[in-house]
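Colleague: Can you look at this prediction? I've put the sequence above it.
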Amino acid sequence: MDPFIGFIGGGNMASSLIAGLIRQGTPGASLGVAEPDAEKRQQLATIPGLFATPDNALIAQRADVLVLAVKPQMLKAVCLALREPLAGRNPLVISIAAGIGTDALARWLDPSLPIVRAMPNTPALMGHGATGLFVNAGVSEAQRQQAERLFNGVGIVRWLADEAQLDLVTALSGSGPAYFFLFMEALTEGAQELGLDPGLARDLTLQTALGAAHMARDSGLGLDALRVRVTSPGGTTEQGLRVLEREGLRRIAREALAAAQARAVTLAQELGEAS
Ligand SMILES: NC(=O)c1ccc[n+]([C@@H]2O[C@H](COP(=O)([O-])OP(=O)(O)OC[C@H]3O[C@@H](n4cnc5c(N)ncnc54)[C@H](OP(=O)(O)O)[C@@H]3O)[C@@H](O)[C@H]2O)c1
């Protein structure tokens, strides 16, 4: 029988993960969601067989895999209230809440529970996510595979050996979509200022970003080799790249990552470890 996967919180990320599971062939009858908002519940309940309820305890009592998908600020209160319904049960707990460590989760729920911490990103909402996963000591191989399958439904998954790396993953792939949005914005604006029609500038920028990402992923070549290939000596690309290098794009990227990572560490302290 399929394990019962229960979600606490039925917002954007939970809905995307559920859609991914359904695409992979998980039957709706193996899925449950606790969500306070009646409209969101009704929307989720249109999936045949899915059990939607306002009661977190009902989901916790049934779940073999319990996905915590509420905002980080809500998580402590939600976990403390789940202690009783989880008593004597041993589901795999998967938290997608940014910044809350496995130590805090174990303290709030039950130290003996197997816990996976995940850092997905917003493109997961469109099935193109990148998720970093970390497991605590109590997680079995079968449970690792279960967690991997959940996030494979909305993109790629990479395992982390060290929980502290999640702060850097947050800075890279968690915040990363915004860096690329900014770069695309800058190229579009630049092209516009130099004379291109706004719609045309946008279309060409977006398709170029998409095309470059596809080449980087599928060509089998390294990023540096790809860059060298499009850079003919004495050509146009060489001149453009010279400005980006001269103005310190690599240093800027490193500093942006370090600043985001430092903020992730501070937020984690505020949200979890200090409480
Ligand atoms: N979206 C992303 O790209 C992304 C990326 C990485 C990590 N995450 C993490 O994923 C988690 C969910 O994010 P999201 O974007 O899906 O947020 P969201 O859309 O706000 O979803 C959270 C849901 O939880 C519900 N909720 C609130 N209090 C609850 C309670 N006590 N019991 C059960 N459900 C409750 C909310 O209902 P109401 O609206 O009625 O309050 C809402 O539907 C967050 O912890 C976030 O850090 C998200």
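Modeller: All right, it came through fine.

Colleague: Which residues of the stretch 101-250 of the chain lie near the ligand?
Modeller: Within the stretch 101-250 of the chain, the positions near the ligand by CB under 6 Å from any ligand atom are Met119, Pro120, Asn121, Thr122, Gly174. Bear in mind the C-beta positions are built from the backbone N, C-alpha and C, glycine included.

Colleague: switch to 5 Å and redo it
Modeller: Applying CB under 5 Å from any ligand atom, we find that the stretch 101-250 of the chain lies next to the ligand at Pro120, Thr122.

Colleague: What ranges does the stretch 101-250 of the chain have for its helices?
Modeller: Assigned by DSSP state H, counting those that start in this stretch, the helices in the stretch 101-250 of the chain fall at 102-108, 141-152, 165-169, 176-193, 198-218, 223-230, 236-246, 249-268.

Colleague: Next, the angle from the fifth one to helix 223-230.
Modeller: For helix 198-218 against helix 223-230, the angle between stretch directions is 120 degrees (axes from the mean of the first three to the mean of the last three CA atoms, to 10 degrees).

Colleague: Nearest to the ligand: which residue in the protein?
Modeller: At 1.8 Å from the ligand, Gly11 is the closest residue in the chain, using CB to the nearest ligand atom.

Colleague: I'd like the distance between the closest residue to that residue other than its chain neighbours and Ala34.
Modeller: The shortest distance from Gly11 to any non-neighbouring residue, by CB to CB, 6 or more residues apart in numbering, is to Ala69 (6.5 Å). With distances taken as CB to CB, to the nearest Å, Ala69 is found 10 Å from Ala34.

Colleague: just to revisit the earlier point, can you pull the contacts of the residue of the chain closest to the ligand?
Modeller: Gly11 sits next to Glu35, Lys40, Ala69, Val70 when contact means CB atoms under 8 Å, 6 or more residues apart in numbering.

Colleague: now those residues in TSV, with pLDDT?
Modeller: What follows is the contacts of Gly11, written out as TSV (pLDDT from 0 to 100):
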residue	pLDDT
Glu35	98
Lys40	97
Ala69	98
Val70	97
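
Colleague: Can you narrow those residues down to the ones near the ligand?
Modeller: With CB under 5 Å from any ligand atom as the criterion, those include Ala69, Val70 near the ligand.

Colleague: So which of the contacts of Gly11 sit within strands?
Modeller: Judged by DSSP state E, the subset of the contacts of Gly11 located in strands is empty.

Colleague: which one of the contacts of Gly11 is nearest Tyr179?
Modeller: Tyr179 has its nearest neighbour among the contacts of Gly11 in Ala69, at 24.9 Å by CB to CB.

Colleague: Measure how buried that closest one is and give me the count.
Modeller: Counted by other CB atoms under 10 Å, the residues lying close to Ala69 total 27.

Colleague: One more: Arg149?
Modeller: The number of residues packed near Arg149 is 16, by other CB under 10 Å.

Colleague: Pretty sure it sits against Gly20.
Modeller: No. Counting by CB atoms under 8 Å, Gly20 is not a contact partner of Arg149; they are 9.1 Å apart.

Colleague: Need the residues that contact stretch 15-34.
Modeller: Under CB under 8 Å, 6+ apart, the answer for stretch 15-34 is 2-10, 14, 40-41, 43-44, 47-56, 58-59, 62-63, 67, 69, 124-125, 127, 129, 149-154.

Colleague: before we move on, what about stretch 213-222?
Modeller: So stretch 213-222 is contacted by Leu223, Leu226, Arg229 (CB under 8 Å, 6+ apart).

Colleague: confidence score at the second one?
Modeller: Looking at Leu226, its pLDDT is 98.

Colleague: and it, how far is that from Ala212?
Modeller: Distance of Leu226 to Ala212, computed by CB to CB: 8 Å.

Colleague: can you check the last one too?
Modeller: Separation of Arg229 from Ala212 (CB to CB): 12 Å.

Colleague: Count the residues that sit near Arg217.
Modeller: Arg217: 9 neighbours (other CB under 10 Å).
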